[in-house]
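Asks: My questions are about this predicted structure, shown below with the sequence.
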Amino acid sequence: MQANGINHVALYVDDLARSRDFYVTTFEARVVRENEQMCFLDVGSDNFLALFRRDPAHINHFCFTVDDYEPDRVASALESQGLEVLRREDRVFVRDPDGHLVQVSASATSEDFSG
């Protein structure tokens, strides 16, 4: 299984509006989904930045895109490498050696996160 791109990064932020405005103003990101607790920003090329209101601010996870994503197949491949797989419905995660949460997914489109 080869990663072919970063699908998204999810950040916990102290002030959702402030962070949203920073990415919209500075990088011309486009808000595609938002509520009081989260904001998904389209950052081009089928990539997105997910902001979640939570203190303290830190990275939640990042996600690699793989071809032919199928959750059970991906989970089995990761488990065969001796990794502990975390499943959340059709989402597959592992932790890197430093404990960072890494998700594996298919390519994202704006329809996937516009809800």
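Replies: Noted; the coordinates are in hand.
Asks: Show me the shaky parts of the protein.
Replies: Under the criterion pLDDT under 70, the flagged ranges of the chain are 108-115.
Asks: Apply 80 and report the result again.
Replies: 107-115 (pLDDT under 80).
Asks: And the top strand by length along the chain, what's buried?
Replies: In the chain, assigned by DSSP state E, the strand with the most residues is strand 3-13. Buried residues in strand 3-13, counting neighbours by 16 or more other Cβ atoms under 10 Å, are found at Asn7, His8, Val9, Ala10, Leu11, Tyr12, Val13. (Glycine included, C-beta is placed from N, CA and C.)
Asks: Now for Ser80, how many residues are close by?
Replies: When neighbours are counted by other Cβ atoms under 10 Å, Ser80 registers 8.
Asks: quick one on the thing from earlier: now the helix or strand just after the longest strand of the chain: buried residues?
Replies: Using DSSP states H and E, the helix or strand that follows strand 3-13 in sequence is helix 16-27. Neighbour-count burial for helix 16-27 flags Leu16, Ser19, Arg20, Tyr23 (criterion: 16+ other Cβ under 10 Å).
Asks: helices or strands up against helix 16-27?
Replies: If you count contacts as 3 or more Cβ pairs under 8 Å, 6 or more residues apart in numbering; DSSP states H and E, helix 16-27 packs onto strand 30-34, strand 38-42, strand 48-53.
Asks: nearest to Gln81, of the ones you listed?
Replies: Closest to Gln81 of the helices and strands packed on helix 16-27, according to Cβ to Cβ: strand 48-53, at 26.5 Å.
Asks: got the angle between that closest one and strand 38-42?
Replies: 160 degrees (axes from the mean of the first three to the mean of the last three Cα atoms, to 10 degrees).
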